[in-house]
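> coords please:
(2 chains)
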Amino acid sequence: MIDRRDFCKKALLIAGGMAIPLSALELFDPKRLLAEKNDPSPTRWAFLVDTHKCVGCGFCVKACKIENEIPYDANVTRTWVERYIVARDGKTYIDSPKGGRDGFTTPKIDQGVEHQTEVRNEDIEKAFFVPKLCNQCDNPPCVQVCPVGATYQTADGVVLVDRSWCIGCGYCIMGCPYGVRFFHPVYHVAEKCNFCYHRISKGMKTACVDACPFGARRIGNLKNPNDPVTKVIMTERVGVLKEEYGTKPQVFYVGLSREVK
Amino acid sequence: MKSHVWRPLYIVLGVIVLVMLAKAILVPKDFGIGERGYMYGWHRKGNEADWKAVKVKYKTMDYCKECHQDKYDDLRQSPHAAIQCENCHGPALDHPDDPPTLTIDRHRDLCIRCHARLPYNGSGRGAIRGITPETHHPEAECVLCHYPHNPKLEAKR
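As a prediction, this is how the structure comes out:
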């Protein structure tokens, strides 16, 4: 028979014993304390695309390919521009010839090899351009699936690929829901947009942002509340791509349409 | 304990030592968890510097105007003010040291990127003055008649 004193003692002991490991995890995680007290990085890069302003000139794609040494005529690119044409009959036509590198210069819609179609101007319900690039997700699935630690997220939120460490297994290329990754034709390793890390870390803008004459592409620091891009993201109506995947993209779009995936 | 227990154990210990040795030699010293923790931050720290060291090729208009102030002024007062020099002339790289001259591309393809008429309502494209490239003097370079640095001015030749 257990007496009251014993019962209280043991109950307290068990409750205390159970609480210690929990509290040890919760209270003494140095990473978390550091994150809360003094943030290791004063920057969190975010991108803002205004689809109303994009005219499909493709200067961003051209500049990106040259700046980042992606072979110019290879059918791969870190960023690209898509054209959406929604016809009155409800059909949606999407094309991006050469990733939009040479701009959109004809009403003919590229529908694969040697096949083009055209929607008459009076049959167009709406038409617009959508630039795409790496979303630098806060929860990047491409990083989770890397078996060797060759792709990772920096303190300022940019996802990079270590070319000397990548084994070329291609998991990340399959894992990206946005299809922004590809094999570099020269280095034969995974390749992706990195917000021109060599430029933004020097205080410059990305090559595509500089090349855009219409202000459709902008880059900013989410941790600076006075940054004009941050202000737009916080106070205006912006959307992200494939929000339901839980990847938390850091590329925000103004003027998204339901046809855009 | 008997030796038939110890012998395989020695082999296992040997394998473990070998793996540890290989790890010590092959894994770079700066490999570890970065600021983003085990899930997203597992990487070789030195790679961040590798990416930062990539050469900047597009130097922007501010670099061009140091020498080409006249062209810059022309451009700034024109409807083309927002277009970077390097969009048409190519990346500055280390010009004027390397390359000494940039190619001057007078091809129509550059102009029709914006000025091929596409009357799209959901985009700024619809508001840009455009032509149909197939019918608008298809044989001629645009710069024969239009001055690209300020298309509002008469042609300079």
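
> So for B:Cys114, what's the nearest residue that isn't a sequence neighbour?
A:Cys57 (4.8 Å; CB to CB, 6 or more residues apart in numbering or on different chains). For every residue, glycine as well, the C-beta is placed using N, CA and C.

> neighbours around the one you found, how many?
Neighbourhood size, A:Cys57 [other CB atoms under 10 Å in any protein chain shown]: 30.

> That one reaches B:Ile112, doesn't it?
No. Counting by CB atoms under 8 Å, A:Cys57 stays clear of B:Ile112, with 9.5 Å between them.

> quick revisit: doesn't the residue nearest to B:Cys114 belong to a strand?
No. Judged by DSSP: H, G, I helix; E, B strand; the rest coil, A:Cys57 forms no part of a strand; its state is coil.

> State the pLDDT value of it.
Note on A:Cys57: pLDDT of 95.

> go on, B:Ala49?
95.

> Do a quick rundown of the helices in chain A.
A:4-27, A:30-37, A:59-67, A:141-145, A:171-175, A:197-200, A:207-211, A:228-235 (DSSP state H).

> Export those helices as TSV, with columns for distance to chain B.
Formatted as TSV, the helices of chain A follow (distance: least, CB to the nearest CB, whole Å):
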stretch	distance to chain B
helix A:4-27	14
helix A:30-37	6
helix A:59-67	5
helix A:141-145	5
helix A:171-175	12
helix A:197-200	4
helix A:207-211	5
helix A:228-235	16
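
> rank the ones you listed by pLDDT, which is bottom?
It's helix A:30-37: among the helices of chain A, that one has the lowest mean pLDDT, namely a mean of 51.

> mind checking how far A:Ser96 is from chain B?
For A:Ser96, the distance to chain B (CB to the nearest CB, to the nearest Å) stands at 14 Å.

> need the contact list for that residue.
The neighbours of A:Ser96, taking CB atoms under 8 Å, 6 or more residues apart in numbering or on different chains as the test, are A:Trp80, A:Val81, A:Glu82, A:Arg83, A:Asp110.

> Which ChimeraX command selects the buried ones in the residues you listed?
Only the buried entries of the contacts of A:Ser96 go into this ChimeraX selection, using 16 or more other CB atoms under 10 Å in any protein chain shown:
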select /A:80,81,82,83,110
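
> Just name the closest of the contacts of A:Ser96 to A:Asp95, please.
A:Asp110 (4.1 Å; CB to CB).

> What about the contacts of A:Ser96, which are in strands?
A:Trp80, A:Val81, A:Glu82, A:Arg83, A:Asp110 (DSSP state E).

> picking up where we left off before, how about the helices of chain A in CSV, adding distance to A:Tyr253 and mean neighbour count?
Below are the helices of chain A laid out as CSV (distance: least, CB to CB, whole Å; neighbours: other CB atoms under 10 Å in any protein chain shown):
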stretch, distance to A:Tyr253, mean neighbour count
helix A:4-27, 37, 10
helix A:30-37, 28, 11
helix A:59-67, 15, 25
helix A:141-145, 20, 19
helix A:171-175, 22, 17
helix A:197-200, 20, 22
helix A:207-211, 15, 26
helix A:228-235, 10, 15
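
> Including distance to A:Thr51, could these go into JSON lines?
As requested, the helices of chain A are arranged in JSON lines below (distance: least, CB to CB, whole Å):
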{"stretch": "helix A:4-27", "distance to A:Thr51": "43"}
{"stretch": "helix A:30-37", "distance to A:Thr51": "34"}
{"stretch": "helix A:59-67", "distance to A:Thr51": "13"}
{"stretch": "helix A:141-145", "distance to A:Thr51": "24"}
{"stretch": "helix A:171-175", "distance to A:Thr51": "26"}
{"stretch": "helix A:197-200", "distance to A:Thr51": "22"}
{"stretch": "helix A:207-211", "distance to A:Thr51": "14"}
{"stretch": "helix A:228-235", "distance to A:Thr51": "13"}
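
> got any residues that touch both of A:Cys57 and B:Ile112?
Residues touching both A:Cys57 and B:Ile112 (CB under 8 Å, 6+ apart): A:Gly103.

> chain center to stretch B:96-113: distance?
Chain-centre distance of stretch B:96-113: 17 Å, with CA atoms, centre = their mean, to the nearest Å.

> any idea what sits nearest B:Ile128, other than its immediate chain neighbours?
Using CB to CB, 6+ apart, the closest residue to B:Ile128 is B:Cys114 (5.5 Å).

> With A:Gly103 instead?
Per CB to CB, 6+ apart, closest to A:Gly103 is B:Arg113, 3.2 Å.

> Secondary structure element for the one you found, which one?
helix B:108-115 (DSSP states H and E).

> Flag every buried residue along that helix.
Buried, per 16+ other CB under 10 Å, within helix B:108-115: B:Arg108, B:Leu110, B:Cys111, B:Ile112, B:Arg113, B:Cys114, B:His115.

> any idea which of those residues is closest to B:Lys55?
B:Leu110 (24.4 Å).

> Provide a list of residues in contact with B:Thr101.
So B:Thr101 contacts B:His95 (CB under 8 Å, 6+ apart).

> sorry, back to before: OK, contacts around the residue nearest to B:Cys114?
A:Gly103, A:Pro213, A:Phe214, B:Arg113, B:Cys114.

> give me the number of residues near the first one?
The reference is to A:Gly103. Neighbour tally, A:Gly103, other CB under 10 Å: 25.
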